[in-house]
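K.L.:
Generate a structure from the sequence data that follows.
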Amino acid sequence: MSFKKAQMDTIKALENLYKEGGYMEKAQVCEAVDALHNKVFSLSYEDVYKRSNALLKKCKKLRE
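P.N.:
Residues are numbered from 1 along each chain as shown. Have a look, this model is predicted:
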């Protein structure tokens, strides 16, 4: 259970950083999410994976 809480805390922190950050901060958050999404969050609980995937979609729009 603590592993799920740690993952949820991590994705929440990344969401907050993305929401509150400027372009450079958002770009750094996107790099972190890219790295974590396939290696950690894809093996995670569905709710964490969905939130990570939603943040990746925002990152894709940011890069366009």
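
K.L.:
those helices in this structure, which residues are they?
P.N.:
2-20, 23-39, 46-63 (DSSP state H).

K.L.:
So which bits of the last one are buried?
P.N.:
Buried residues in helix 46-63, counting neighbours by 16 or more other Cβ atoms under 10 Å, are found at 48-49, 51-52, 55, 58-59. C-beta: built from backbone N, CA, C; applies to glycine.

K.L.:
can you check the shortest one too?
P.N.:
Within helix 23-39, the residues that count as buried by 16+ other Cβ under 10 Å are 26, 29-30, 32-33, 36-37.

K.L.:
residues touching E46, list them.
P.N.:
Not one residue lies near E46 by Cβ atoms under 8 Å, 6 or more residues apart in numbering.

K.L.:
how far away is it from S52?
P.N.:
11 Å (Cβ to Cβ, to the nearest Å).

K.L.:
Over to D34?
P.N.:
Distance, D34 to S52, by Cβ to Cβ: 10 Å.
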